[in-house]
Structure formats: structure tokens, C-alpha cells
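Asks: Have a look; sequence and predicted model below, questions after that.
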Amino acid sequence: MFAHRDGYVGLDTFDLEHQHLVSHHIRFEEGGEPSVIRVKQRYVWPSELDLMAPMAGFALESRHEDWKGGPFTGDSGSHVSVYRLPEQD
């Protein structure tokens, strides 16, 4: 579960073999049926992004462990990778 509050629950389910993630957003309205929105995603490893970026014309500018700019290490559980298009003359 990644979030919960009155009238809302958010949870993720993972398929590690296929690198799929589904985020489930469930809202409970008073007197009504719950509404469910599912967002299907595929997660990628930094090395995969590093292979795809040049094919699209991008270059890695920086990589961090989190949105606060923490250092990315082999023990990091997440990453924020910033890619840029090279400057054109």
C-alpha cells in the first residue's frame, strides 16, 4: 500500500518476471460503489535506460537515488535519471 486516507486506498502489485507494475487507485464514495482506476506500467533498470537513451539521441546528465539528489549506489532501491539532448550548434 502506497497511500491511504478517508475514502482512498492506493496499492501496487508487481510481476517481477515480466517487470510489470500495476498501481490500483480505489476511491470510496459515500453511498456509492467504489471506483477503481488501474495504471499499468513497466519498470526498467538504469542500464536499460542507458542503452535506449542514445538511440533516441539523449545523453545521461545525472543519476541520483531519489528526488532529493541522494547519491546513486549499488545498494540504491530507486533511481532518478536525467537525460538531455546534446546542444546543437
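Replies: That came in fine, so what should we check first?
Asks: Give me the neighbour count for residue 6.
Replies: 5 (other C-beta atoms under 10 Å). All C-beta spots, glycine's among them, are computed from the backbone N, C-alpha and C.
Asks: For it, report the pLDDT, please.
Replies: Residue 6 carries a pLDDT value of 89.
Asks: Return the distance of it relative to residue 52.
Replies: 41 Å (C-beta to C-beta, to the nearest Å).
Asks: what do you get for residue 21?
Replies: Taking C-beta to C-beta, one finds residue 21 at 18 Å from residue 52.
Asks: Between these two, tell me which one has more neighbours.
Replies: For residue 21 versus residue 52, neighbours defined as other C-beta under 10 Å are more numerous around residue 21 (15 against 12).
Asks: who's in contact with the spatially closest residue to that one that is not a sequence neighbour?
Replies: Sequence neighbours aside, residue 41 is the residue nearest to residue 21 in space, at 4.7 Å (criterion: C-beta to C-beta, 6 or more residues apart in numbering). Neighbouring residues of residue 41 by C-beta atoms under 8 Å, 6 or more residues apart in numbering: 20-23.
Asks: which SS class is residue 41?
Replies: Classification of residue 41 using DSSP: H, G, I helix; E, B strand; the rest coil returns strand.
Asks: related to what we said a few turns ago, can you flag which of the contacts of residue 41 belong to strands?
Replies: 20-23 (DSSP state E).
Asks: Format those as JSON lines; extra columns: distance to residue 13 and pLDDT.
Replies: What follows is the ones in strands among the contacts of residue 41, written out as JSON lines (distance: C-beta to C-beta, whole Å; pLDDT from 0 to 100):
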{"residue": "20", "distance to residue 13": "9", "pLDDT": "93"}
{"residue": "21", "distance to residue 13": "7", "pLDDT": "93"}
{"residue": "22", "distance to residue 13": "5", "pLDDT": "95"}
{"residue": "23", "distance to residue 13": "8", "pLDDT": "95"}
